[in-house]
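In: need the 3D shape of this:
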Amino acid sequence: MAVRAEAGCRGANALCLMFLLVLALGGCARLPVNVERPASAALDNPAATKLGQLAMASTPDPELSGFRLLPLPAFSLDARLELARRAERSLDVQYYLIQNDVTGRILLRALRDAASRGVRVRILVDDLYTAQSEALLRALAAYPQIEVRLFNPFPAGRGSLSTRVAASLFDFDRINRRMHNKLFIADNAMAVAGGRNMADGYFQRDSLANFIDMDVLAAGPVVVRLSSFFDVFWNSPQVYPIESLVPSDAPDAVLRARFDAMTSPITTPAPVAPDSEDRLGYNALSRDFAMRADLISLTWSHAEAFSDLPSKVLSTAAAGEPLTDAAHDTVLFNVRQLVRAAEHEVFETMPYLIPGPEGMRSIRLLRARGVRFNIVTNSLAASDEPLVHSGYRRYRMELLHLGVELYELSPRRTANAAGFGTLGSVGGRLHGKLAVVDGKSVFVGSMNFDPRSDARNTELGLIISSSAIAQQMRALITGLEREGAYRVQLNPDDRRLEWLEPETNADERGPVIHRTEPEADFWTRWKLELLAPLIPESLL
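Out: Below you'll find the predicted structure:
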């Protein structure tokens, strides 16, 4: 017993010391001051580059922008790598997450190779998840022509996410606001934007679960607009050069050698470009360029791009105004305007769906006008954020009573969702943030319909006015519903929920029906029941 008491006392002392250390770190940790951030801007005259000339030669009207949906991960990665290979003057890269895994290293190696040809490379990454990648990013910044900056960084405890948060507990409101944008721009002429982060799980390389997502390849005037958003972030006071946060422990030549070793072909094998068309009839971009170098196959239309400002990470008091959708240039405001203007139908995929009072107001208005509303989101089993699912559950019954057609992704059935990639035995999770309105307008971007996207994260999005793109996206969404999602409905007494198996799993007796959250184990359901009432929606 004496030994047990001593061990317990030591444990308590250790916890006390750790708590005091956390308080000390949190009390004294400060971001560096007087940091030099040399201002720079997107390079002008994109038409002077081959990518710019290709876009101009392919457009029927210089006022239109060109688009191609990229639902398949291999095609989406190939597009980025091909743009990196063909860039002549500049590459601007902005991501919430660049992971130190095969996918992240493939991208960074391609950027390094472009810089070695004289291309100016600017890389902007949110600092939330850089604990495992900062050594890689710091080594990359040692190359000429490459700058790496971190958005809204942590000042101390940088070895792990937990120590970072612990060191910033007294600044939690700031560190809880993140840059969620995803953007890749080559020569201010072509870009890839959408929902994918640069990590294995977004490109069907994860051994446990992979995300179903969507990007879009863009060319034309909308790219110049996207570049202007990147410049606002790049030159903002919320951004810090990585050198100011991660001091070098070696000369640049040594850092470059480390980068070479970390991204060698042994640890980072080059991907093989797809050699067949996707479900929309497109080849991989690299194959397109190899087959015909003077034209690119895109759908041309009018479009608008929207981005939140980097100052969104400031608290309400510091910003001097409430963080609402009142500013007409925000992503939230414009998506709500698009959806509320619907006359016939709205199809959405939203992985993290918490409509909130304003979202429900939009849905009630539309349903009162007879507008069809169709939503695909994650089931509890598919969600990587169970607590967010608890916020969505609070609205599920009302959504169904309003007549919303509600689908929840089945992780084990997504192997058949070929429009978004063949996941095989690995479970699938929805991550694409999409909306199709009246079969003629499309939203694709980084914004979820939840409190975090509303008030804490900066977001980026495109609204494309094209019936052709809308029909393609609607077909992909309905295919996902049919092949890989449960239809959620009220049972005959209107008091409980039922989940109908995907159509492809029905038999001669009719659809298979579940009366509890399908594919979710007892403990997951039990924990959610226990915790859900305790978590305010504003924190989800």
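In: how far does the helix or strand hosting Phe75 sit from the chain's center?
Out: Secondary structure from DSSP states H and E places Phe75 in helix 73-86. Between the centre of helix 73-86 and the centre of its chain there are 17 Å (C-alpha atoms, centre = their mean, to the nearest Å).
In: residues touching whichever helix or strand comes after that helix, excluding its own?
Out: Later in the chain than helix 73-86, the nearest helix or strand by DSSP H and E is strand 90-95. Counting contacts by C-beta atoms under 8 Å, 6 or more residues apart in numbering, the residues outside strand 90-95 that touch it are 42-43, 83-84, 107, 111, 114, 119-126, 179, 181-188, 197-198, 227, 230, 233-234. Yep, even glycine has a C-beta here, placed from its N, CA and C like the rest.
In: buried stuff in the helix or strand following strand 90-95?
Out: Next helix or strand after strand 90-95 toward the C-terminus (DSSP H and E): helix 102-116. The neighbour-count check on helix 102-116 (16 or more other C-beta atoms under 10 Å) flags 102-112, 114-115 as buried.
In: make TSV from these and add distance to Ile363 and pLDDT to it.
Out: Below are the buried residues of helix 102-116 laid out as TSV (distance: C-beta to C-beta, whole Å; pLDDT from 0 to 100):
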residue	distance to Ile363	pLDDT
Val102	41	95
Thr103	36	96
Gly104	38	97
Arg105	42	97
Ile106	41	97
Leu107	38	97
Leu108	42	98
Arg109	45	97
Ala110	42	97
Leu111	42	98
Arg112	47	98
Ala114	45	98
Ala115	48	98
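In: in the chain, which residue is closest to the centre?
Out: Gly195 (3.6 Å; C-alpha atoms, centre = their mean).
In: wait, that residue sits on Arg429?
Out: No. Using C-beta atoms under 8 Å, Gly195 makes no contact with Arg429, being 11.9 Å away.
In: what's the local residue count around His401?
Out: Residues near His401, counting by other C-beta atoms under 10 Å, number 11.
In: meant to ask about Gly391
Out: Counted with other C-beta under 10 Å, residues neighbouring Gly391 total 23.
In: so it lies in a helix, does it not?
Out: Yes. Under DSSP: H, G, I helix; E, B strand; the rest coil, Gly391 falls within a helix.
In: now it: how far from Asp450?
Out: 7 Å (C-beta to C-beta, to the nearest Å).
In: what's the answer for Arg37, then?
Out: 31 Å.
In: comparing these two, which residue is more hemmed in?
Out: Asp450 (24 against 15).
In: kindly list the main-chain dihedrals of the more buried one?
Out: Per-residue torsions, Asp450: phi -150, psi 170 (degrees, to the nearest 10).
In: please report the distance of it from Asn378.
Out: 12 Å.
In: for Ala79, give me the pLDDT.
Out: Listed pLDDT for Ala79 reads 97.
In: is it true that it touches Ala193?
Out: No. Under the criterion of C-beta under 8 Å, Ala79 makes no contact with Ala193, lying 10.9 Å away.
In: ok, those two, which is more surrounded?
Out: Ala193 (28 against 24).
In: can you check which residues contact both of Asp450 and Asn378?
Out: With C-beta under 8 Å, 6+ apart as the test, Asp450 and Asn378 both reach Tyr352.
In: circling back to that earlier point, what's near enough to touch the residue nearest to the centre of the chain?
Out: Applying C-beta under 8 Å, 6+ apart to Gly195 gives the contacts 182, 213-215, 431-433, 444-446.
In: next step: these restricted to helices.
Out: Counting by DSSP state H, none of the members of the contacts of Gly195 fall within helices.
In: so which of those is the most crowded?
Out: Gly445 leads the contacts of Gly195 on contacts (other C-beta under 10 Å) with 30 neighbours.
In: tell me what that one is bridged to.
Out: Lys433, Gly461 (DSSP bridges).
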